[in-house]
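In: structure, please.
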Amino acid sequence: MGHSHHNHSHSHSELSGRNLVISILLNIVITISQVIGGIISGSLSLLSDALHNFSDVLSLVVSFIANRLSKKKASTSKTFGYKRAEIIAAFVNAATLVIVSLILIKEAAERFLQPQEIESNLVIWLALLGIIANGFSVFLLKKDADNNMNMKSAYLHLLTDMMASVAVLVGGILMKFYQIYWVDAVLTFAIAIYLIYMGYDLLKESTKVLMLFTPNTLKVQEIVSTISKIASVKNVHHVHIWQLNENEIHFEAHIDFNEDIRLSEFDKILDQIEEELHHTYGINHVNIQPEYGKRDSKHIIVQD
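Out: Here you go, the predicted model:
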C-alpha cells in the first residue's frame, strides 16, 4: 500500500478560520438590523433577506466548526480523523439554501396576491448595509472558495445574499419613486430561484463525495487500461475510486499477475503505479491487492 499527501499549511487554515469569524459577526449585525427594519417597514423582501442572512450565520458557524474539526489528527477510533467534516458542512449548507428558497417562494406568492405599502427609505438603507457587509465577507472568502467545498458553500451563501441585497435595493428604489409595491414579492421570488440555482450544484457535488461516487474527472476504464499496460499485469479488477475530501482521492484494486513474482518486484511495480496515478490522474492514496492464480471475480467493478 502506498501513500502520498499534499496538505494545506497551518497558517492558511488559521486565516480561513479568522475570515469565517469576521463574516459570522458581520452577518449577525445584518440579520438583527434587517429583522427590525423589515418589521418596521413591512417589507417582505427585507425580511426574506434577513431570513437568508440568518441561514448564512448558521452556515458560517457550521463551516467554522467543520474547518476546526478537519485539523484534528486521526486516531485508532477515527482512522480518517475528521477529514469529511467539511464535506458534511458543504452538504448541510447547500441543503439549507434550497430549503430557505422554498420557504421564500411560498411567502412571495402570498404577498404577491396581497401587496402591502412599504416604508421604502428604511429598506434602501438596510439593503446598502447588506451589500457592504456581505461584499466584504465575499472578498474575505473568495480565495478559499476556489479549492475547498466547505468554504465554497459559505462563500455561496454570502454571494447570493449580497445579490439579494442588491435586488432589495432596486425594489426599495422602485417602491420609493414609483409606488410599485408588488415588486417586493417579485424580487423575493427571484432571490429564491437564484438561491436554488446556486445551491443545487454544490448539493449534488457534496452528495457524490458522501456517497463515495467516482469523481467526474476520472474514468475507471481508462485508469484500468493504463495499469494493464505494465508487462507483468494480467488483470485489474475489483476497482474502487472515491474522494475522501478536496485533497484526497483514493484508489484500490486487485491486480492479477502473469507470474508468481517476488515481493520486491511487486514493490517496484507499485511505485510505478503510484507515480502514474498521481501525476496523470491526481490520485494520492493507492491500495493494491496483488494476486496470482486466485479464483475470484475478474470483473472491473464487483459488488461487495
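In: which residues in this protein form strands?
Out: Under the criterion DSSP state E, the chain contains strands at 2-3, 233-243, 249-257, 285-291.
In: and the last one, what does it pack onto?
Out: In terms of contacts (3 or more Cβ pairs under 8 Å, 6 or more residues apart in numbering; DSSP states H and E), strand 285-291 is packed against strand 2-3, strand 249-257, helix 263-281. C-beta coordinates here come from the backbone N, C-alpha and C atoms, glycine included.
In: how about 10 Å then?
Out: When contacts are defined as 3 or more Cβ pairs under 10 Å, 6 or more residues apart in numbering; DSSP states H and E, strand 285-291 packs onto strand 2-3, strand 233-243, strand 249-257, helix 263-281.
In: swap in the second one?
Out: Strand 233-243 is packed against helix 183-210, helix 220-228, strand 249-257, helix 263-281, strand 285-291, with contacts defined by 3+ Cβ pairs under 10 Å, 6+ apart.
In: any idea which of these scores lowest on pLDDT?
Out: When those are compared on mean pLDDT, helix 183-210 scores lowest, with a mean of 84.
In: chain center to that one, what's the gap?
Out: 13 Å (Cα atoms, centre = their mean, to the nearest Å).
In: likewise stretch 200-217?
Out: Taking the mean of its C-alpha atoms, stretch 200-217 sits 9 Å from the chain's own mean (Cα atoms, centre = their mean).
In: show residues contacting that stretch.
Out: Contact partners of stretch 200-217, identified using Cβ atoms under 10 Å, 6 or more residues apart in numbering, comprise 84, 86-98, 101, 149-150, 152-153, 155-157, 196, 220, 223, 239-246, 249-251, 281-283, 301.
In: how about a cut-off of 6 Å?
Out: 87, 90-91, 94, 153, 241-243 (Cβ atoms under 6 Å, 6 or more residues apart in numbering).
In: ok, now stretch 107-115?
Out: By Cβ under 6 Å, 6+ apart, the residues outside stretch 107-115 that reach it are 44, 181-182, 185, 188-189.
In: give the burial count for the closest residue to Ile87 other than its chain neighbours, as a bare number.
Out: Nearest non-adjacent residue to Ile87, counting by Cβ to Cβ, 6 or more residues apart in numbering: Val209, 5.0 Å away. Counted with other Cβ atoms under 10 Å, the neighbours of Val209 add up to 21.
In: coming back round to it: okay if I get the helices and strands packed on strand 285-291 as JSON lines plus mean neighbour count and distance to Leu140?
Out: Listed next are the helices and strands packed on strand 285-291 as JSON lines, based on neighbours: other Cβ atoms under 10 Å; distance: least, Cβ to Cβ, whole Å:
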{"stretch": "strand 2-3", "mean neighbour count": "14", "distance to Leu140": "34"}
{"stretch": "strand 233-243", "mean neighbour count": "19", "distance to Leu140": "26"}
{"stretch": "strand 249-257", "mean neighbour count": "20", "distance to Leu140": "28"}
{"stretch": "helix 263-281", "mean neighbour count": "15", "distance to Leu140": "33"}
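In: would you format the ones you listed as CSV with distance to Ile22 included?
Out: Listed next are these as CSV, based on distance: least, Cβ to Cβ, whole Å:
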stretch, distance to Ile22
strand 2-3, 36
strand 233-243, 30
strand 249-257, 32
helix 263-281, 36
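In: which one of these lies closest to Leu69?
Out: Nearest of these to Leu69, taken as Cβ to Cβ: strand 233-243 at 18.1 Å.
In: what mean pLDDT does that closest one have?
Out: 95.
In: between the strands of the chain, which one is nearest to Ile24?
Out: So among these, strand 233-243 is nearest, using Cβ to Cβ, at 27.9 Å.
In: tell me what angle the closest one forms with helix 263-281.
Out: Orientation check (axes from the mean of the first three to the mean of the last three Cα atoms, to 10 degrees): strand 233-243 against helix 263-281 gives 50 degrees.
In: what's next to strand 233-243, contact-wise?
Out: 209, 212, 214-215, 218, 220, 224, 227-228, 249-258, 298-300, 302.
In: try 8 Å
Out: With Cβ atoms under 8 Å, 6 or more residues apart in numbering as the test, strand 233-243 has contacts from 208-209, 212-215, 218, 220, 223-224, 227-228, 249-258, 269, 283, 289, 296-302.
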